[in-house]
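Novice: model this:
(one chain, ligands or ions: 1)
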Amino acid sequence: MILITRKNHCFLSFNQCSFSDLIFSLVYGDERLELSLNGKWILQNSNGSLLFPAEVPGCVHSALLKQGFIQDIYFRFNDVAYRWIVLDNWTYTISFSPSNELRAKQRVRLVFEGVDTVASIFLNGVITGNTDNMFRRYEFSVGKMLRGGENNVEVRLLSPVVYSLERSQAHSSYAVPPDCPPPVQKGECHVNFIRKAQSSFSWDWGPSFPTLGLWKGVRLEAFNPSSFPSNLPDSSLSQWVVEVEGLFDAVEQTTVRVSLSVVELWTEEAFTVRFLPGTHKCSLSLYVNQSSQVKQWWPTGHGEQCLVCFIVVSFSCEFPTQVYFRTVELVQEPIAGSPGLSFYFRINGKPIFLKGSNWIPAHALQDLVSPADVRNLLQSAVDANMNALRVWGGGVYEQDLFYDLCDEMGVMIWQDFMFACAMYPTESDFIQTIREEVIQQVRRLKSHPSVIVWSGNNENEAALATDWFKIPVVQRPQYYTDYVSLYVDNIRAIVLEEDGSRPFLVSSPTNGAESQWEGWVSRDPYNLHYGDTHYYNYTHDCWDWTALPRARFASEYGFQSWPSFSTLRKVSKPEDWSYGSTFSHHRQHHAEGNQQMLKQAGLHYHLPDSPDSLQRYKDTLYITQVMQAQCVKTQTEFYRRSQSEIIEGKGHTMGALYWQLNDIWQGPSWSSIEFGGKWKMLHYFAQEFFSPLLPVGFEDQGVLLVYAVSDLSHDLHLKAVVLYGWSSVDAVCTVVSGTALVGGGSAVVIHKQPITALLAGCGSGSCTRLTCLMTYHLEDINGCQQGPINHLFLSSPKEAHGMLKPNITFSVQQDEVRRYTINLRSSAVAAFVWLDALDVPGRFSTNGFLMVTRNRTVTFDPWGPTSTKQLVQALTITSLRDVY
Ligand code: BMA
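Specialist: Numbering: from 1, shown residues only. Down below sits the predicted model:
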């Protein structure tokens, strides 16, 4: 059976509101009036003991913070200390005076772009509506309720924690697990009973801050009814279609001529649009000339993100906007020599290996995520050669800017719906609010070419199939029915109705088509022959690639590490600065996490033993980062080199999205970027292991294999060059392989040799597994290096002989641009050389590297003003041999 989703697809990138205004004024020659209610509101707690100004958009925590009632929410144990905030009810109030002109309009709506979460809304003391879902926009008709002069809006928010508890208690017929997070997370219970960021009640990488507030904009909008459009691209197997969808709200019948054109494609189509009274949907389709050369949107690394000018003309006025064109297919078809089905994405007809990671909320208080934070994180992803991110289902549907930037930067988005690691209730009011959430989010996001797949939830198929919650056998059918009702009969049905242009997966991990055939819950959603896989193993030696799952698509895998000392220092006191401190224990939300990191690190590295306790603490943070970087490197390289082969029936891996890109606070986690944007060692490693062209070396039963992995579009003739030597920067022995053809989008073996022969070939028997390591790179037929230099340890560094303290010294000089050059000098081969500019924010060109030469130059791009002096003072250099 071949299951292929193939859609030709174009995306309108214009601003929906302006288009709405456009149509509106065309029809009525009238304008829509808006009164923003953003800005200063008054906020008070339930007994009125706290009453103070609060900014909207915002939340109770950030308002308390601004008033000085609370300190940095992330400082030390404040997540627990500030729990009182979310156990209380809070009311936001604002007074405003709408103009007579606004009040005179036939329709006046009070619009909340986002209410967090459960609230009753009053206008002039009269209830206007209720909210129960932070992922929805709410609009209330308030025309007749507005009065001349001063009016007021009051939003009475209920404690999300109390609400969730009450909802779960009301659901008495059967349990909807889990009740509470594990105690190590210090979180709140029953988060699955509220449509709110699931991680806000705590997660294994984040604190419990169940926010309350008006987290998005509030406004009054008034108009004489006509229309507001959204856009809905359509599909065709052979042709590009630009489809514009409008939702119309008209009082009388009107007829308008509208023409759509893409001038550079010589394509134009005219329509007569008849507005009938009432609200209804209307779609206009522009079929692009088949002979046209459409400039397409490509993921980064595979081409440009072309925008094409699109023009709407009506009443002889031209309204230019822009569209993107791209296709996406999720290919699930038989593979020769392997049971099951393939699982990969084809963009514009080209199979593409997805390289990237998983995105979580960038702050517990979403209103504190600045545009610069979003841009910096996404730029960091692209700079690390990522082309894809998964917006994970336990957080939030991200803000518009996030998806705009992904469109611009060519980052593909795997978009989860916001359900994670739980069962969910299916009472009709719950389903209703979710239906509205899904409709709104799909309409908001479907015009983004970056979004390539919808996915119903995070790990709920696996939770059900592998019985995470110990549900008695007799009760299971109920949970299966609920699962299918929520994700298939409702969410999937809406997505298919609203957006037929992208694949939809019910869960992650899932067996995809196979799960569907098995009734949407596969017996084993982790089956490596189908779909995507999540894989975690903290206790097994992470260097042992033979234990790794040769999956079709690895959508989650990872290891924890601690952030750097400079990041932790901001939220701690000197008494916290040891690995065994109460603080270190408190910040760790994953059971046994701190011990697991040291155990894994201890398999290959000497653990820090400085007599100076602060130094030992800093060195321990460092060694956790070394461990994480090397573990995720090994695993990612395994997935990348598995893309072209089937071994024992498994392989054709076409995606590696490690867990997780970013952090929500300063604590231990799987992230490669610290809270605040600083790159961990893993992120510098990702820049290398996601290189478009990468040599991957590993040992298989005593034999060295070097693969060339290429994401390029063209073929290359390459050879591997292997160099090795441990104990001295001068001793180098070289082996050059034969030349091999490396096709674009493939992984091929380029060198194969028993390690014993390799070592013996170095002459005089001086090289052993303990005294030597290998570095290797690819060269083209002209002898030019292609891709980065990679390395392979032949034994654990803790067993290596001859590793010396490298005594690395440095000098800094400023270039004419705002960039600094750091010249390093080492007296010995040094592993995991780590430059840390402490509190000077910025990025190094490379970091955590193996230094096999006496001299090396690294550049530093500061993110703000600094000076050579400041940088010299801040800069510390640590290598593996320095910590014991
Ligand atoms: C995965 C994720 C998250 C979690 C991570 C690390 O399963 O989906 O729920 O944070 O593992 O445990």
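Novice: now the helices: where do they sit in the stretch 301-450 of the chain?
Specialist: Secondary structure of the stretch 301-450 of the chain (DSSP state H, counting those that start in this stretch): helices located at 371-383, 400-409, 428-445.
Novice: list the buried ones in the shortest one?
Specialist: When you say that, I think you mean helix 400-409. Of the residues in helix 400-409, those buried under the neighbour-count criterion (16 or more other C-beta atoms under 10 Å) are 402, 403, 405, 406, 407, 408, 409. Where C-beta positions appear, they are placed from N, C-alpha and C, glycine not excepted.
Novice: Can you tell me, leaving aside adjacent residues, what's nearest to the fifth one?
Specialist: Spelled out, that is residue 407. With C-beta to C-beta, 6 or more residues apart in numbering as the criterion, residue 407 has its nearest non-adjacent residue at 4.8 Å, and that residue is residue 450.
Novice: Contact residues of the protein facing the ligand?
Specialist: Within reach of the ligand by C-beta under 6 Å from any ligand atom, the chain has these residues: 203, 204, 205, 394, 420, 421, 458, 459, 534, 556, 659, 670.
Novice: Contact partners for the residue most central in space within the chain?
Specialist: Within the chain, one residue has its C-alpha closest to the average C-alpha position: by C-alpha atoms, centre = their mean, that is residue 359, at 2.0 Å. The contact partners of residue 359, by C-beta atoms under 8 Å, 6 or more residues apart in numbering, come to 377, 389, 390, 391, 392, 395, 398, 660, 661, 662.
Novice: Repeat the analysis, applying 7 Å as the threshold.
Specialist: For residue 359, the set of contacting residues under the criterion of C-beta atoms under 7 Å, 6 or more residues apart in numbering consists of 389, 390, 391, 392, 661, 662.
Novice: who's in contact with stretch 128-135?
Specialist: Taking C-beta under 7 Å, 6+ apart as the criterion, the residues outside stretch 128-135 that touch it are 110, 114-122, 138, 140, 142, 145, 195-196, 215, 397, 418, 433, 437, 441.
Novice: Could you export the contacts of residue 359 to CSV, including columns for pLDDT?
Specialist: Rendered in CSV, the data for the contacts of residue 359 read as follows (pLDDT from 0 to 100):
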residue, pLDDT
389, 99
390, 98
391, 98
392, 98
661, 98
662, 98
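Novice: Can you check those residues and name whichever has the most neighbours?
Specialist: The most crowded member of the contacts of residue 359 is residue 392, carrying 30 neighbours; neighbours defined as other C-beta atoms under 10 Å.
Novice: Which pLDDT does the model give the residue lying closest to that one once chain neighbours are set aside?
Specialist: Computed as C-beta to C-beta, 6+ apart, the closest residue to residue 392 that is not its neighbour in sequence is residue 358, at 4.9 Å. The predicted local distance difference test score for residue 358 is 98.
Novice: swap in residue 311?
Specialist: The model's pLDDT for residue 311 equals 81.
Novice: That one and residue 261 touch, don't they?
Specialist: Yes - contact criterion C-beta atoms under 7 Å: residue 311 and residue 261 qualify, at 5.0 Å.
Novice: quick one: which of those two has more around it?
Specialist: Here residue 311 and residue 261 are set side by side on neighbour count (other C-beta under 10 Å), and the busier one is residue 261, at 20 against 15.
Novice: Phi and psi next, for that one.
Specialist: Summarising the backbone geometry of residue 261 under the convention degrees, to the nearest 10, its torsions are phi -150, psi 150.
Novice: Please tell me how far it sits from residue 319.
Specialist: Distance, residue 261 to residue 319, by C-beta to C-beta, to the nearest Å: 11 Å.
Novice: what sits in contact with each of these two?
Specialist: With C-beta under 7 Å, 6+ apart as the test, residue 261 and residue 319 both reach residue 311.
Novice: Could you pull up the mean pLDDT of stretch 506-520?
Specialist: Mean pLDDT, stretch 506-520: 97.
Novice: Now it - C-alpha only, CSV.
Specialist: Included here for stretch 506-520 are C-alpha records, laid out as CSV according to Å, rounded to 0.1, in the frame of the first residue of the first chain:
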residue,chain,number,x,y,z
VAL,A,506,-2.4,11.9,15.1
SER,A,507,0.5,11.7,17.5
SER,A,508,4.3,11.7,18.0
PRO,A,509,5.7,9.2,18.2
THR,A,510,3.4,7.3,15.9
ASN,A,511,3.5,4.6,13.3
GLY,A,512,1.7,6.9,10.9
ALA,A,513,-0.3,5.0,8.4
GLU,A,514,0.2,1.8,10.4
SER,A,515,-1.3,3.4,13.5
GLN,A,516,-4.2,4.5,11.4
TRP,A,517,-4.8,0.9,10.2
GLU,A,518,-4.6,-0.3,13.7
GLY,A,519,-7.4,2.0,14.7
TRP,A,520,-5.3,5.0,15.5
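Novice: and the closest residue to the ligand within the stretch 1-150 of the chain, what does it touch?
Specialist: With distances taken as C-beta to the nearest ligand atom, the stretch 1-150 of the chain approaches the ligand most closely at residue 79, which sits 16.6 Å away. Contacts for residue 79 were tallied using C-beta under 7 Å, 6+ apart; they are 186, 207, 208, 209.
Novice: That one: what secondary structure?
Specialist: The local conformation at residue 79, judged by DSSP: H, G, I helix; E, B strand; the rest coil, is helix.
Novice: Show me where the protein dips below the pLDDT cut-off.
Specialist: 1-31, 225-238, 246-251, 280, 290-291, 314-317, 726-728, 730-732, 764-765 (pLDDT under 70).
Novice: for the chain, which helix is longest?
Specialist: Of all the segments assigned as helix in the chain under DSSP state H, the longest by residue count is helix 613-641.
Novice: If you count contacts, what does it end up packed against?
Specialist: Helix 613-641 makes packing contacts with helix 593-602, strand 655-658, helix 681-689, strand 693-700, strand 703-710 when contacts are defined by 3 or more C-beta pairs under 7 Å, 6 or more residues apart in numbering; DSSP states H and E.
Novice: C-alpha coordinates for the shortest one, CSV please?
Specialist: This file holds the C-alpha atoms of strand 655-658, laid out as CSV (Å, rounded to 0.1, in the frame of the first residue of the first chain):
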residue,chain,number,x,y,z
GLY,A,655,15.0,13.1,10.4
ALA,A,656,16.9,13.9,13.6
LEU,A,657,15.2,16.4,15.9
TYR,A,658,16.9,16.2,19.3
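Novice: what's it packed up against?
Specialist: Using 3+ C-beta pairs under 7 Å, 6+ apart as the test, strand 655-658 ends up in contact with strand 354-359, strand 554-557, helix 613-641.
Novice: Need these in TSV (columns: distance to residue 255).
Specialist: As requested, those are exported to TSV (distance: least, C-beta to C-beta, whole Å):
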stretch	distance to residue 255
strand 354-359	46
strand 554-557	50
helix 613-641	57
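Novice: Mind telling me which residue of the stretch 651-800 of the chain is nearest the ligand?
Specialist: With distances taken as C-beta to the nearest ligand atom, the stretch 651-800 of the chain approaches the ligand most closely at residue 659, which sits 5.2 Å away.
Novice: Would you mind confirming that that residue makes contact with residue 358?
Specialist: Yes - counting by C-beta under 7 Å, residue 659 sits close enough to residue 358 to count as a contact (5.0 Å).
Novice: how about a markdown table for the helices and strands packed on helix 613-641, with mean neighbour count added?
Specialist: Conversion of the helices and strands packed on helix 613-641 to a markdown table gives the following (neighbours: other C-beta atoms under 10 Å):
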| stretch | mean neighbour count |
| --- | --- |
| helix 593-602 | 19 |
| strand 655-658 | 28 |
| helix 681-689 | 25 |
| strand 693-700 | 20 |
| strand 703-710 | 24 |
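Novice: Can you name the residue of the stretch 151-300 of the chain nearest the ligand?
Specialist: Among all residues of the stretch 151-300 of the chain, residue 204 sits closest to the ligand, at 4.7 Å; criterion: C-beta to the nearest ligand atom.
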